[in-house]
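**Student:** Got a predicted structure plus its sequence, pasted below:
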Amino acid sequence: MAKSEPHQIDIHVGNRLRSRRLVLGLSQEKLGDRLGITFQQIQKYEKGTNRVSASKLQAAAVVLSVPIGYFFEDREPQAPDGLVREVDEIGTFLVSRDGVSLNRAFTSIKSKQVRQSIITLTKALASADDTGVQADIERVTSPAPL
């Protein structure tokens with residue numbers, strides 16, 4: 001019998017768990033210790049491969065200082081016919097280590113002009129063709145001539 005894929009709700013709850021854990025700067029091991037489970041179990045919860053029981057979800061909400069509803073925010077109800085929806089790429093990135101780090105750094109920039117410049121640069125790099133990317137990066141990152 002083939003192993004079934006994780007349910008989209010379990011993936012969403014796991015992503016929310018991971019997101020809050022990263023925002024608080026907790027390792028999987030520390031969160032596991034506080035919940036009385038192993039870090040491997042936290043990994044499985046975060047991937048959605050294991051479902052979080054109601055009692056563990058309540059305990060996680062207390063440890064992470066969020067209401068229980070936090071784990072279900074930003075989730076549209078599943079279609080009645082059970083169609084599996086694609087995982088949101090932006091949401092997945094935002095809960096990744098790079099996403100959290102990038103967002104923290106970006107939101108700490110006070111200057112609106114500097115933030116706008118970073119957005120413009122990022123869009124330019126994203127739309128550049130592969131052949132010109134290295135030249136564009138070198139042009140943007142090399143120091144100005146004296």
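**Tutor:** Yep, that arrived.
**Student:** Run through the strands of this structure in chain order.
**Tutor:** Counting by DSSP state E, the chain forms no strands at all.
**Student:** what ranges of it fall below the confidence cut-off?
**Tutor:** 1-3, 75-89, 129-146 (pLDDT under 70).
**Student:** please redo it, this time with the cut-off set to 80
**Tutor:** Within the chain, the segments meeting pLDDT under 80 span 1-4, 74-95, 128-146.
**Student:** Where do the helices of this structure begin and end?
**Tutor:** Using DSSP state H, the helices of the chain run over 8-23, 28-35, 39-47, 54-63, 89-94, 97-107, 112-127, 130-141.
**Student:** Go through the shortest one and flag the buried ones.
**Tutor:** Buried residues in helix 89-94, counted by 16 or more other CB atoms under 10 Å: Gly91, Leu94. To be clear about C-beta, it is placed using only N, CA and C from the backbone, and glycine gets the same treatment.
**Student:** which residues sit against that helix?
**Tutor:** Residues lying outside helix 89-94 but in contact with it, judged by CB atoms under 8 Å, 6 or more residues apart in numbering, are Asn15, Ser19, Asp74, Gly99, Val100, Asn103.
**Student:** Tell me the most packed of those residues, by neighbour count.
**Tutor:** Each of those was scored by neighbours using other CB atoms under 10 Å; the highest score is Asn15's, at 23 neighbours.
**Student:** pretty sure it contacts Glu46?
**Tutor:** Yes. Taking CB atoms under 8 Å as the definition, Asn15 is a contact partner of Glu46 at 7.3 Å.
**Student:** most centrally placed residue in this structure?
**Tutor:** When the chain is reduced to its mean C-alpha position, the closest residue under CA atoms, centre = their mean turns out to be Val95, at 0.8 Å.
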